[in-house]
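>>> Please find the sequence and the predicted model below.
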Amino acid sequence: MTAPHRTPRAAPRNPGPSWGYRFMRLCDRVVPEPLFRPARALGTWIALLNMPAQRRHSRDYLRLVLRREPTRREIFRHFFAFEEVLMLKLRVAHGRPHRGRLADGSADFHRFLASEKPALLGTFHLGHSDLVGFILGGQERRRVSMVRQRVGNSHDTEQLGRLFSNWISFIWVNEGENLLFTLKQAVAAGDSIALKCDRLEFSAKTETFHFLGARRLFPFTIYHLALIFELPVLFTFGVPGGPGESVVHAAPFWTPDATLGREQNLALARAHFQAFVTQVEVLLRAEPYWWFNFLPLNPEAAA
Amino acid sequence: MPDPLLFKLKVLIVETLRLEDVTPAEIPDDEPLIGGGLSLDSIDALELVVRLEKEFAIKITSSEESRTALASVNTLAAFIRERADPARLPSA
């Protein structure tokens, strides 16, 4: 994380009118889903036509993940997948029951849930991952401090926070000069910390990893925090499951080894993160619309 | 004779932040630690703060305090002298 005082407060990054969320909530209550869903699709087409930069970034990403030029319809499907998750978050934020189910092969996540110990929880802007922290709080009764970027219209996130306020708190990465101290206090209070680790904004420590055909820069701050606070790192992501359900996938723990030197620990951390990035890439090759990246792709490392 | 606390702090800074090209003696007493010639970032500052808290059993609870303390080695030494148990300070 870089010095937060250099960043603008509440950068209005999410597009759409200020009344957009309220309008969608209202429609969701009064318009039957067989009508409302096509209306959302139409709205997504309008958004797509009015957002040339995001459209271009979506095309750049889809070209790499599909290994061919994406069609306009595929770019629409990328936008619509994001819209549908946003709609889901709004519905969960306003009380719709939603459960998380742990995917097979996530033994370390079971261990994390069974223990009282906090962890640094990493994830990407992928599928239902935004809901995993809230599922951990609301369903598993674990206290989680979520590091997020506050945008001008983060109503969905804030409403979710209110609903799960006994278990969830936010650390706004782009607000306040006490960011790192808030993080320190949250760790001291025994909270797990959830961080998104796919975008470079606000990340002081970055490293390159093989992703989508090139070595690309990714945030690596989570592992430095793990060494500082002597906490394990657990990467998770959520994907759509059955109705009212997200399936939570988790990579194995990475735990700093006190018997090893820092460089040896960081070498193991690099291998750990590469394994997770590879796991994500395998998923995205099968489900390309699930990575909600409408920003420039993580830059390639300089040759 | 150099101030033993200043020297200890410089050794701690070099060790904690693994400054390979800098020796303790090369760290000036009065230059800013963050944003100065050492090129430290906010995570480095956090790491240093956590190490100092352990070493001297003190608490640095806000970025304001951290900025004051980490303004230079001299200000850091003054901050620690003010808050730490004298038994934890190096003797001359």
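Looks like it arrived, so ask away. Numbers count the residues shown, from 1 in each chain, chains lettered A, B, ... in the order given.
>>> Pull out the buried residues from the top strand by length along chain A.
Selection of the longest strand in chain A by residue count, based on DSSP state E, yields strand A:233-240. Buried residues in strand A:233-240, counted by 16 or more other Cβ atoms under 10 Å in any protein chain shown: A:Val233, A:Leu234, A:Phe235, A:Thr236, A:Phe237, A:Gly238, A:Val239, A:Pro240. Backbone N, C-alpha and C define where each C-beta goes, glycine included.
>>> Let me see the contact set for the last one.
To tie it back to what came earlier, the one meant is A:Pro240. Neighbour list for A:Pro240: A:Gly127, A:His128, A:Ser246, A:Val247 [criterion: Cβ atoms under 8 Å, 6 or more residues apart in numbering or on different chains].
>>> Tell me the backbone dihedrals of A:Val248, please.
Main-chain dihedrals, A:Val248, degrees, to the nearest 10: phi -100, psi 120.
>>> no, scratch that, I was asking about A:Lys117
Torsion angles, degrees, to the nearest 10, at A:Lys117: phi -80, psi 140.
>>> Can you tell me how far it is from A:Gln274?
Look at A:Lys117 and A:Gln274: by Cβ to Cβ, to the nearest Å, they are 25 Å apart.
>>> Show me which residues of stretch A:108-127 are buried.
For stretch A:108-127, by 16+ other Cβ under 10 Å, it's A:108-109, A:111-112, A:118-127.
>>> how about those residues, which pair is most distant?
A:Arg111 and A:His125 (25.9 Å; Cβ to Cβ).
>>> What about A:Val282, how many residues nearby?
10 (other Cβ atoms under 10 Å in any protein chain shown).
>>> Show me the contact partners of the helix or strand of chain B with the lowest mean pLDDT.
The weakest-scoring helix or strand in chain B, judged by mean pLDDT, DSSP states H and E, is helix B:63-69 (a mean of 83). Residues from elsewhere that reach helix B:63-69 (Cβ under 8 Å, 6+ apart): A:177-181, B:34, B:45, B:49, B:52, B:60, B:75-76, B:79-80.
>>> What residues sit buried inside that helix?
By neighbour count on 16+ other Cβ under 10 Å, the buried set for helix B:63-69 is B:Ser63, B:Glu65, B:Ser66, B:Arg67, B:Ala69.
>>> Let me have the residues you listed in JSON lines, adding distance to A:Val280 as columns.
As requested, these are exported to JSON lines (distance: Cβ to Cβ, whole Å):
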{"residue": "B:Ser63", "distance to A:Val280": "33"}
{"residue": "B:Glu65", "distance to A:Val280": "39"}
{"residue": "B:Ser66", "distance to A:Val280": "35"}
{"residue": "B:Arg67", "distance to A:Val280": "37"}
{"residue": "B:Ala69", "distance to A:Val280": "40"}
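>>> Name the pair among the residues you listed with the greatest separation in space.
The span of the buried residues of helix B:63-69, defined through Cβ to Cβ, is set by B:Ser63 and B:Ala69 at 10.4 Å.
>>> tell me the mean pLDDT over the longest strand of chain A?
Strand A:233-240 shows an average pLDDT of 95 in the prediction.
>>> cool, and stretch A:216-230?
In this model, stretch A:216-230 has a mean pLDDT of 95.
>>> what's the first-to-last distance across it?
27 Å (Cα to Cα, to the nearest Å).
>>> Any part of that stretch near chain B?
Yes. Counting by Cβ under 8 Å from any Cβ of the partner chain, chain B is contacted by stretch A:216-230 at A:Thr221, A:His224, A:Leu225, A:Leu227, A:Ile228, A:Phe229.
>>> which parts of the worst-scoring helix or strand of chain A on mean pLDDT are buried?
Across the helices and strands of chain A, mean confidence by mean pLDDT, DSSP H and E is lowest for helix A:155-163: a mean of 75. With burial defined by 16+ other Cβ under 10 Å, the residues of helix A:155-163 counted as buried are A:His155, A:Asp156, A:Thr157, A:Gln159, A:Leu160, A:Gly161, A:Leu163.
>>> and those residues as CSV, adding distance to A:Trp45?
Below are the buried residues of helix A:155-163 laid out as CSV (distance: Cβ to Cβ, whole Å):
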residue, distance to A:Trp45
A:His155, 23
A:Asp156, 21
A:Thr157, 25
A:Gln159, 26
A:Leu160, 27
A:Gly161, 31
A:Leu163, 31
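>>> I'd like a version of these in a markdown table, one that adds distance to chain B as further columns.
Formatted as a markdown table, the buried residues of helix A:155-163 follow (distance: Cβ to the nearest Cβ, whole Å):
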| residue | distance to chain B |
| --- | --- |
| A:His155 | 28 |
| A:Asp156 | 28 |
| A:Thr157 | 23 |
| A:Gln159 | 29 |
| A:Leu160 | 27 |
| A:Gly161 | 23 |
| A:Leu163 | 30 |
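>>> right, and out of these, which lies closest to A:Val132?
Distance to A:Val132 across the buried residues of helix A:155-163 (Cβ to Cβ) is lowest for A:Leu160, with 11.6 Å.
>>> shouldn't A:Leu231 be in contact with A:Leu121?
No. Contact criterion Cβ atoms under 8 Å: A:Leu231 and A:Leu121 do not qualify, at 10.0 Å.
>>> any residues in contact with both of the two?
Joint contacts of A:Leu231 and A:Leu121 (Cβ under 8 Å, 6+ apart) are A:Ile193.
>>> pLDDT score assigned to A:His5?
37.
>>> likewise B:Lys8?
94.
>>> And for A:Gln149?
77.
>>> got it, and B:Asp44?
88.
>>> same question, A:Met1
We have a pLDDT of 45 for A:Met1.
>>> Run through the helices of chain B in chain order.
B:4-16, B:42-56, B:63-69, B:73-83 (DSSP state H).
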